[in-house]
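Participant: Okay, here's the prediction I keep looking at, along with the sequence it came from:
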Amino acid sequence: VNGRTPLIAGNWKMNLDHLQSIAFVQKLAWTLKDARHDTGDVEVAVFPPFTDLRSVQTLVNSDDLPIAFGGQDLSEHDSGAYTGEISGAFLKALDARYVIIGHSERRQYHGETDEQIAAKLTAAHRHGLVPIVCVGETAEDLETHGPSAVPVAQLRIALGGASKGQEVVVAYEPVWAIGSGQAATSEQAQQVAAALRAVVAEVLGDEAAAATRILYGGSVKASNIAGFMREADVDGALVGGASLLLDEFSSIVRFRQ
Ligand code: PEP
């Protein structure tokens, strides 16, 4: 027992508008509250599009639902002339607990660099948000550099932006496993997660490393989650496609059953 509460995080990406988000979160809450499906100490978080956050906040707060939520990205700046960007202050004002940073789709389609990701991590901490920092290698990286080199290098730079004493969550997401249906093996996930924990220790210290949750992401499903969760350094999952399927996502949350 390591004291790290398992975290199952659903990244909706650009799916579900604000009305659909209300229906989804309501149904998710029913399945989580169902006494037959005791989820124990597992923390559940959803990452809706920005335009849904106010609706999700209202629902979660008014019904006191056991569901955390956060943004899929944030600006490194606090306010000003940055058209289309979202401030961490705005996320915090909506009671967001988390924010995803450096998702491979942001890196790939929006050219986000490791340095920008470090600046976003600083911004998240400045606003009291818990960053979920995504790192991971492409198939080509895997071929040339092996499994850990690229994620380790990405995390070292990103954590340069962290404030000591503030919480960080790390998500190991091999790019070749995202949305491909081809998940890493639990042994592969464990190997990289252990290397990433060593980076947290190197940058933030041993105590922080022992307390930091490291998630695996990439084609997580109800059928493979238990294997990942059995690994010593895997403390949860960042789930994309399967987080939009109510039964599948609820089963992932109930990985112990
Ligand atoms: C993701 O994009 O964070 C992800 C893990 O996607 P999927 O579960 O669909 O592979």
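Facilitator: Okay, I see it.
Participant: Now do the same contact list for the closest residue to Val60 other than its chain neighbours.
Facilitator: With Cβ to Cβ, 6 or more residues apart in numbering as the measure, Ile67 is the residue that lies nearest to Val60, at 5.7 Å, once sequence neighbours are left out. In this view, the C-beta of every residue, glycine as well, is placed from N, C-alpha and C. Under the criterion of Cβ atoms under 8 Å, 6 or more residues apart in numbering, the contact list for Ile67 reads 25, 28-29, 32, 44-46, 60.
Participant: Gln108 too?
Facilitator: For Gln108, the contacting residues are Val175, by Cβ under 8 Å, 6+ apart.
Participant: So what does it have for phi and psi?
Facilitator: Note on Gln108: backbone dihedrals following degrees, to the nearest 10 are phi -70, psi -50.
Participant: ditto for Asp247
Facilitator: Phi and psi for Asp247, reported as degrees, to the nearest 10, are phi -70, psi -40.
Participant: For it, grab the count of nearby residues.
Facilitator: Around Asp247 sit 11 other residues, with neighbours defined as other Cβ atoms under 10 Å.
Participant: OK, contacts around it?
Facilitator: Contact partners of Asp247, counting by Cβ under 8 Å, 6+ apart, are Thr31.
Participant: Indicate the residue of this structure located nearest to the ligand.
Facilitator: Of all residues in the chain, Gly240 sits closest to the ligand, with a separation of 2.1 Å (Cβ to the nearest ligand atom).
Participant: Can you verify my assumption that that residue contacts Met14?
Facilitator: No - Gly240 is beyond contact range of Met14, at 11.3 Å (criterion: Cβ atoms under 8 Å).
Participant: Just want to know which of these two has more residues nearby.
Facilitator: Comparing Gly240 with Met14 by other Cβ under 10 Å, the one with more neighbours is Gly240, at 23 against 7.
Participant: give the contact list for the more buried one.
Facilitator: For Gly240, the contact set (Cβ under 8 Å, 6+ apart) comprises 11, 13, 178-179, 217.
Participant: Among the contacts of Ile67, which lie within strands?
Facilitator: When the contacts of Ile67 are checked against strands using DSSP state E, the ones located there are 44-46.
Participant: Could you give me the PyMOL selection string for whichever of those are buried?
Facilitator: In PyMOL, a selection of the buried entries from those looks like this (16 or more other Cβ atoms under 10 Å):
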select buried, resi 44+45+46
